[in-house]
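Asker: Generate a structure from the sequence data that follows.
(one chain, ligands or ions: 1)
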Amino acid sequence: MNEEISIFLRKQAKERFLRYVRINTQSDPESGMHPSSEGQWVLGRLLREELLELGLMDVELDAHCYGYASLPPSTGFVGPAITFCSHLDTSPSASGADVTPMVIEDYDGGDIQFPGSGKIRLTAAESPELLQFIGETLIVSDGRTLLGADDKAGIAEIMAALCAFKAFPTLPHPELRIVFTPDEEIGAGTDFIQMKRMGEFAYTMDGGMMGEIEQECFDAWGLNLIFNGHNIHPGYAKNKMINAAALAARFIAALPEWESPEHTEDREGFYHVTQITGDETLATVKLIIRDFDRAENNRRMDYLKQLSRIFEQRYVGLEINISARDQYQNMKEVLRRYPEVVDKAKTAIKTSDVDVRENPIRGGTDGARLCFMGVPTPNIFTGAMMVHSKTEWIPVVALEKAAEVVVRLCGLWRKV
Ligand SMILES: [Zn+2]
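Answerer: Below is the predicted model of the structure:
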């Protein structure tokens with residue numbers, strides 16, 4: 001990529017990013033609305049105007065706050081239509097109100113302090129990747145809020161690439177379909193997506209460390225265990241009371257301690273109790289199970305069923321009902337059938353002079369759902385680090401490189 005285009009991408013991505021993060025798009029799992037917060041409309045409308053200004057086609061912000069646009073292929077380009085997708089909202093886990101980004105030039109490797117909060121500090125001990133960006137420009141919040149690089153960096157990178165296609169018409173690209181989704185952070189990012197607006201293949205720009213490409217995520221199940229007991233006056237309860245709440249607690253204690261989020265990493269799966277409520281008569285335990293291998297999750301479900309039968313035999317009169325819900329599946333199951341989708345992304349990263357990092361996602365993405373809705377969709381880095389926290393940070397070079405990856409990746413889809 002020539003110097004002129006690199007400088008252009010860096011400037012576009014940085015300026016747009018600094019503008020987008022100031023709009024509060026924090027999603028709200030309690031709101032019951034779609035989208036879950038008003039601010040997502042504000043960003044959606046701004047992007048609609050910018051996409052129109054850039055001359056994109058079929059620009060639409062629909063009734064559910066999904067932003068769509070398309071760009072016809074460059075002259076003579078033959079290849080499938082490709083989607084780039086990012087999400088409008090930021091995580092509910094830290095405030096997104098009045099985000100004030102701070103630009104730190106020539107980062108020296110030391111601790112970063114935040115003017116808006118005397119207490120918090122960003123250190124290389126907590127976020128070791130910082131040390132790979134000594135001398136670079138970093139962007140952080142002022143410490144009162146998250147930064148929102150997850151996922152406004154993704155939006156800015158896609159927009160910067162679109163600007164480059166307009167400013168440098170010789171850059172080759174296929175037909176592009178742009179999709180901005182609301183409420184990804186509360187698990188509703190694909191609920192109302194118009195699949196007919198998607199291309200044949202897609203990429204979410206929603207990953208972390210510069211160079212990352214993610215093609216694998218958890219196989220995820222949510223389970224409800226209902227404990228039906230029998231209540232009676234505690235003074236006269238001998239051999240009669242079946243205390244549902246107490247037995248639910250015993251049941252949880254019988255889960256393997258080492259298969260929990262706090263004791264697992266990398267490719268290890270777990271059981272995770274998310275809620276326990278109840279009394280003597282009725283108790284409910286909500287838990288999730290996660291693994292990269294579906295067979296391992298089946299083993300966990302069998303264990304829960306066997307343990308239930310053992311409890312019912314031991315505490316006669318107790319009844320345990322289990323229901324399981326498939327939350328999302330490992331997208332590798334789909335992506336392994338379309339190896340060129342990930343291979344082209346890796347080539348684009350390498351030719352952008354960035355080391356490729358392949359990490360399984362210990363969570364899910366919109367891409368995981370899209371894969372099983374018919375569009376193979378791996379996830380590419382945005383450069384955002386320490387996301388969902390007040391010490392979230394992003395190096396400007398990652399904004400530039402991610403935009404460059406989008407541009408290069410587009411060129412690679414030419415059919416020869
Ligand atoms: Zn995200």
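Asker: Contact partners for V21?
Answerer: When contacts are counted by C-beta atoms under 8 Å, 6 or more residues apart in numbering, V21 touches 99, 101, 147-149, 152. Where C-beta positions appear, they are placed from N, C-alpha and C, glycine not excepted.
Asker: Return the list of helices and strands in contact with the helix or strand that G411 is a member of.
Answerer: Using DSSP states H and E, the element containing G411 is helix 396-412. The contact analysis (3 or more C-beta pairs under 8 Å, 6 or more residues apart in numbering; DSSP states H and E) places helix 396-412 against helix 3-20, strand 82-87, helix 149-167, strand 201-207, helix 339-351, strand 379-381.
Asker: Let's have the ones you listed in JSON lines, adding mean pLDDT, mean neighbour count and distance to I288.
Answerer: Shown next, in JSON lines, are these (pLDDT from 0 to 100; neighbours: other C-beta atoms under 10 Å; distance: least, C-beta to C-beta, whole Å):
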{"stretch": "helix 3-20", "mean pLDDT": "98", "mean neighbour count": "18", "distance to I288": "32"}
{"stretch": "strand 82-87", "mean pLDDT": "98", "mean neighbour count": "26", "distance to I288": "21"}
{"stretch": "helix 149-167", "mean pLDDT": "98", "mean neighbour count": "26", "distance to I288": "21"}
{"stretch": "strand 201-207", "mean pLDDT": "96", "mean neighbour count": "26", "distance to I288": "21"}
{"stretch": "helix 339-351", "mean pLDDT": "98", "mean neighbour count": "18", "distance to I288": "27"}
{"stretch": "strand 379-381", "mean pLDDT": "97", "mean neighbour count": "27", "distance to I288": "21"}
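Asker: and these as a markdown table, adding distance to G189?
Answerer: Formatted as a markdown table, the helices and strands packed on helix 396-412 follow (distance: least, C-beta to C-beta, whole Å):
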| stretch | distance to G189 |
| --- | --- |
| helix 3-20 | 17 |
| strand 82-87 | 6 |
| helix 149-167 | 10 |
| strand 201-207 | 9 |
| helix 339-351 | 19 |
| strand 379-381 | 12 |
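Asker: Compile these into CSV and extend it with columns for distance to the ion.
Answerer: Below are these laid out as CSV (distance: least, C-beta to the ion, whole Å):
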stretch, distance to the ion
helix 3-20, 14
strand 82-87, 6
helix 149-167, 4
strand 201-207, 4
helix 339-351, 17
strand 379-381, 9
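Asker: Can you name the residues of the protein sitting close to the ion?
Answerer: 150-151, 206 (C-beta under 5 Å from the ion).
Asker: hang on, the earlier thing: if we compare the helices and strands packed on helix 396-412, which one ends up closest to Q132?
Answerer: When the helices and strands packed on helix 396-412 are compared by C-beta to C-beta, strand 379-381 sits nearest Q132, at 13.1 Å.
Asker: And that closest one, how far out from the chain middle?
Answerer: Computed by C-alpha atoms, centre = their mean, to the nearest Å, the chain-centroid distance of strand 379-381 equals 10 Å.
Asker: Equivalent analysis for stretch 119-138, please.
Answerer: 22 Å.
Asker: Switch the residues of the chain next to the ion over to JSON lines; also include distance to L171.
Answerer: Output for those, formatted as JSON lines (distance: C-beta to C-beta, whole Å):
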{"residue": "D150", "distance to L171": "27"}
{"residue": "D151", "distance to L171": "24"}
{"residue": "D206", "distance to L171": "23"}
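Asker: so what secondary structure elements neighbour the worst-scoring helix or strand of the chain on mean pLDDT?
Answerer: Using mean pLDDT, DSSP states H and E, the weakest-scoring helix or strand in the chain turns out to be strand 117-122, at a mean of 90. Contacts defined by 3+ C-beta pairs under 8 Å, 6+ apart place strand 117-122 against strand 112-114.
Asker: What mean pLDDT does the strand it packs on get?
Answerer: Over the span of strand 112-114, the pLDDT mean works out to 95.
Asker: So what touches that strand?
Answerer: 102, 104, 120-123, 138, 140-144, 390-391, 393.
Asker: If you count neighbours, what's buried in it?
Answerer: For strand 112-114, a neighbour-count test (16 or more other C-beta atoms under 10 Å) marks 112, 114 as buried.
Asker: Off-centre distance for it?
Answerer: 26 Å.
Asker: what sits against the residue most central in space within the chain?
Answerer: The chain has T365 as the residue nearest its centroid, 4.6 Å off, counting by C-alpha atoms, centre = their mean. Taking C-beta under 8 Å, 6+ apart, we find T365 in contact with 184, 204, 206, 214, 217, 331, 379.
Asker: Dig out what the last one forms beta bridges with.
Answerer: Which is N379. T204, E214 (DSSP bridges).
Asker: Report the separation between it and M198.
Answerer: Distance of N379 to M198, given as C-beta to C-beta, to the nearest Å: 15 Å.
Asker: and what of the fourth one?
Answerer: Per C-beta to C-beta, E214 is found 19 Å from M198.
Asker: Neighbour count: the two, which is higher?
Answerer: Just comparing E214 and M198: by other C-beta atoms under 10 Å the higher neighbour count belongs to E214, 27 against 21.
Asker: Taking the stretch 301-416 of the chain, what residue is nearest to the ion?
Answerer: In the stretch 301-416 of the chain, the residue that lies nearest the ion is V387 (6.8 Å; C-beta to the ion).
Asker: contacting residues for R294?
Answerer: Residues in contact with R294, defined by C-beta under 8 Å, 6+ apart, are 219, 329-330.
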